[in-house]
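Participant: any chance you could fold what I've pasted below:
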Amino acid sequence: MKPMKPMKPMKPMAPMKADDGWWPEGLSNPSSSGGQNGMKYAFFPDQKRLAIERNGQVEQFDTGSHRISGVSQSQSGNSGGDPVFSADGADVVLSDLRKGG
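Facilitator: All right, here's what the predicted structure looks like:
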């Protein structure tokens with residue numbers, strides 16, 4: 001039986017891919033982002049903005065005092081089936097936010 005050969009050194013890990021930055025220029029790094037059902041969102045607390053990408057279109061919304069932390073399943077009872085976001089322990093329907101940008 002032949003002795004085992006030493007293992008080759010491991011290759012360094014490849015750097016993690018940076019976020020694709022699909023949101024409009026001028027917005028800083030988001031504190032939360034994600035997606036659901038073909039929609040992406042990113043929340044920018046410094047600018048009080050929520051960026052949404054749907055069907056290739058990006059829109060911005062003024063979040064006022066809301067701090068968006070996630071998105072939940074759309075509720076059939078809300079206006080037009082808009083996405084519902086978790087914010088400060090409450091739910092915020094997208095149609096309740098003012099368009100900005």
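Participant: quick one: the helices in this protein?
Facilitator: Per DSSP state H, the chain carries no helices over any range.
Participant: could you measure from the closest residue to residue 48 other than its chain neighbours over to residue 53?
Facilitator: In space, and not counting its chain neighbours, residue 48 is closest to residue 63: 5.0 Å by C-beta to C-beta, 6 or more residues apart in numbering. Where you see a C-beta, it was placed from the backbone N, CA and C, and this is true even at glycine. Computed as C-beta to C-beta, to the nearest Å, the residue 63 to residue 53 distance reads 16 Å.
Participant: let me see the contact set for residue 29.
Facilitator: Contacts for residue 29 (C-beta atoms under 8 Å, 6 or more residues apart in numbering) come out as residue 44.
Participant: give me the phi and psi for it.
Facilitator: Here is the backbone geometry of residue 29 (degrees, to the nearest 10): phi -60, psi 140.
Participant: number of nearby residues for residue 32?
Facilitator: 18 (other C-beta atoms under 10 Å).
Participant: typed the wrong thing, it's residue 55
Facilitator: Residue neighbour count, defined by other C-beta under 10 Å, stands at 6 for residue 55.
Participant: please name the residues that touch it.
Facilitator: residue 38.
Participant: low-confidence regions, this protein specifically.
Facilitator: Across the chain, the ranges flagged by pLDDT under 70 are 14-20, 73-81, 101.
Participant: residue nearest the middle of it, spatially speaking?
Facilitator: Centrality entry for the chain: nearest residue to the mean C-alpha point is residue 33, 1.8 Å, by C-alpha atoms, centre = their mean.
Participant: surely residue 23 is in contact with residue 50?
Facilitator: No - at 9.7 Å, residue 23 does not count as touching residue 50 under the criterion of C-beta atoms under 8 Å.
Participant: of residue 63 and residue 53, which one has the most company?
Facilitator: Ranked by neighbour count (other C-beta under 10 Å), residue 63 and residue 53 place residue 63 first, with 21 against 16.
Participant: re earlier: overlap in contacts of residue 23 and residue 50?
Facilitator: 42, 44.
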